[in-house]
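**Student:** here is my input, please return the structure:
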Amino acid sequence: MPLENHLKEYRARLGVNQQEMGRLAGVSRQTISQIERGDYSPSVTLALKLAKLCSTTVEHLFVYKEDTDHETDA
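**Tutor:** Numbers count the residues shown, from 1 in each chain. Next up, the predicted model:
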């Protein structure tokens with residue numbers, strides 16, 4: 001998946017578990033877990049909310065990696 005994140009690291013800095021982060025963000029613990037594992041890409045609204053909770057920017061919390069496995073012919 002091309003979207004990587006640092007949510008687990010930021011959550012650890014805040015000293016909250018997945019359940020508490022979910023409560024603060026208005027989502028389930030399972031959603032936080034899926035985001036951290038890279039199994040779920042959050043909506044723009046949720047990404048902004050999580051970044052604000054972590055006192056960072058969306059760009060620092062989430063990183064888009066281009067898929068380099070599929071090169072196109074020029």
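**Student:** residue ranges with poor pLDDT in this structure?
**Tutor:** 1, 67-74 (pLDDT under 70).
**Student:** where do the helices of it begin and end?
**Tutor:** 7-14, 18-25, 29-37, 44-53, 58-61 (DSSP state H).
**Student:** what's the angle from the first one to helix 18-25?
**Tutor:** So the one you mean is helix 7-14. Interaxial angle, helix 7-14 versus helix 18-25 (axes from the mean of the first three to the mean of the last three CA atoms, to 10 degrees): 90 degrees.
**Student:** need the helices of the chain in JSON lines (columns: mean neighbour count).
**Tutor:** Heads up, the C-betas are built off the backbone N, CA and C, glycines and all. Formatted as JSON lines, those follow (neighbours: other CB atoms under 10 Å):
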{"stretch": "helix 7-14", "mean neighbour count": "16"}
{"stretch": "helix 18-25", "mean neighbour count": "17"}
{"stretch": "helix 29-37", "mean neighbour count": "17"}
{"stretch": "helix 44-53", "mean neighbour count": "16"}
{"stretch": "helix 58-61", "mean neighbour count": "15"}
